[in-house]
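Colleague: one predicted model, sequence on top.
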Amino acid sequence: MSTLLEMSGVSVSFDGFKAINNLSFQIAEPELRAVIGPNGAGKTTFMDIVTGKTKPDEGSVIFGEKSVSLIGMSESQISRAGIGRKFQKPTVFEAQSVRENLAMALKNPRGPFDVLFYRKTKSGAERIEDIASQVGLSDQLTRPAGELSHGQKQWLEIGMLLAQDPRLLLVDEPAAGMTPAEREKTTDILVEAAKTRSVVVVEHDMEFVRRLNCKVTVLNEGSVLAEGSLDHVTQNPEVIDVYLGR
Ligand code: ADP
């Protein structure tokens with residue numbers, strides 16, 4: 001396992017307030033990582049920095065074996081470099097079928113979409129079947145995405161991101177609004193996806209994080225407060241104070 005992403009000494013201020021304060025963070029390839037922390041800890045800003053939405057005032061963000069600096073790259077350049085982001089709210093093409101949604105994502109990783117692509121190449125069609133199976137939507141391929149449940153839409157969007165084959169996938173609170181059964185299935189999807197890539201899951205739901213059964217990073221006031229297994233970090237008195245005690 002080698003390091004895929006390395007953030008060192010990163011700081012970001014908004015109007016003089018340090019949202020990210022000397023943050024250092026590493027993720028290996030492949031790896032599944034949960035990032036937790038109280039509201040305002042800097043979790044969203046952390047993802048904004050990795051995806052190029054927010055430029056740090058200080059520090060370095062290095063990606064891949066060629067040690068490419070992400071600072072100064074545009075959001076689309078970072079996306080093309082292999083970093084995908086799943087926002088909390090699912091954004092799928094509601095009028096298109098599940099198959100068409102996956103085909104669009106597959107056709108043009110990180111570029112303009114072509115709905116017809118999947119009909120043109122067998123390998124494209126097979127890949128769609130594979131991804132649909134990975135995200136538990138094999139029996140929904142012909143359904144318009146707008147008819148899917150909230151959980152199924154989330155899985156479809158994860159599938160669309162997987163179609164683009166990112167090396168690093170950032171996922172924001174995937175279990176929010178899901179039923180317990182959907183949460184369980186989401187765990188399986190993320191655990192499986194993280195066997196061949198790095199996946200960072202930002203999550204509030206501790207039961208969900210427990211099921212992910214991975215290394216956890218606790219953010220607080222823009223820095224790493226603790227890191228390790230969930231049992232390890234939740235025994236840390238500082239973590240209990242700032243996060244679990246609330
Ligand atoms: P989290 O996602 O962990 O709740 P955020 O990254 O959203 O935390 O926010 C970290 C801190 O930075 C918060 O105090 C928030 O109010 C502040 N912040 C985030 N974005 C901005 C912004 N664009 N302008 C001003 N303050 C911001």
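Modeller: Now that the structure is in, tell me what you want to look at.

Colleague: only C-alpha atoms for contact and neighbour calcs from this point on.
Modeller: Will do.

Colleague: looks like residue 26 contacts residue 7 (just checking).
Modeller: Yes. The pair residue 26 / residue 7 is scored as a contact, 6.2 Å apart, by CA atoms under 8 Å.

Colleague: these two: which has the busier surroundings?
Modeller: residue 7 (21 against 13; other CA atoms under 10 Å).

Colleague: next one: phi and psi at the more buried one?
Modeller: Main-chain torsions, residue 7, degrees, to the nearest 10: phi -100, psi 130.

Colleague: can you name the residues that contact it?
Modeller: Residue 7 is in contact with 23-26, 59-62, counting by CA atoms under 8 Å, 6 or more residues apart in numbering.

Colleague: please redo it, this time with the cut-off set to 10 Å
Modeller: Shown in contact with residue 7 (CA atoms under 10 Å, 6 or more residues apart in numbering): 22-27, 46, 49-50, 59-63, 69-70.

Colleague: among those residues, which are in helices?
Modeller: 46, 49-50 (DSSP state H).

Colleague: out of the residues you listed, which comes closest to the ligand?
Modeller: The ligand lies nearest to residue 46 out of the ones in helices among the contacts of residue 7, by CA to the nearest ligand atom, at 6.4 Å.

Colleague: I'd like the distance between the closest one and residue 35.
Modeller: Counting by CA to CA, to the nearest Å, the gap between residue 46 and residue 35 amounts to 10 Å.

Colleague: neighbour count: the two, which is higher?
Modeller: With neighbours defined as other CA under 10 Å, residue 46 and residue 35 compare such that residue 46 has more, 26 against 22.

Colleague: find the nearest non-adjacent residue to the more buried one, please.
Modeller: Closest residue to residue 46 apart from its sequence neighbours, by CA to CA, 6 or more residues apart in numbering: residue 20 at 7.4 Å.

Colleague: where does the one you found land on pLDDT?
Modeller: With respect to pLDDT, residue 20 scores 98.

Colleague: other residues contacting the helix or strand encompassing residue 77?
Modeller: In the assignment (DSSP states H and E), residue 77 maps to helix 75-81. For helix 75-81, contacts defined as CA under 10 Å, 6+ apart pick out 48-54, 63-64, 68-74, 82-85, 109-111, 164, 166-168.

Colleague: filter those to the buried ones?
Modeller: 48-54, 63-64, 69-71, 73, 82-85, 109-110, 164, 166-168 (16 or more other CA atoms under 10 Å).

Colleague: strands - which of those residues land there?
Modeller: Within the buried ones among the contacts of helix 75-81, residues falling in strands by DSSP state E are 63, 69, 83-85, 168.
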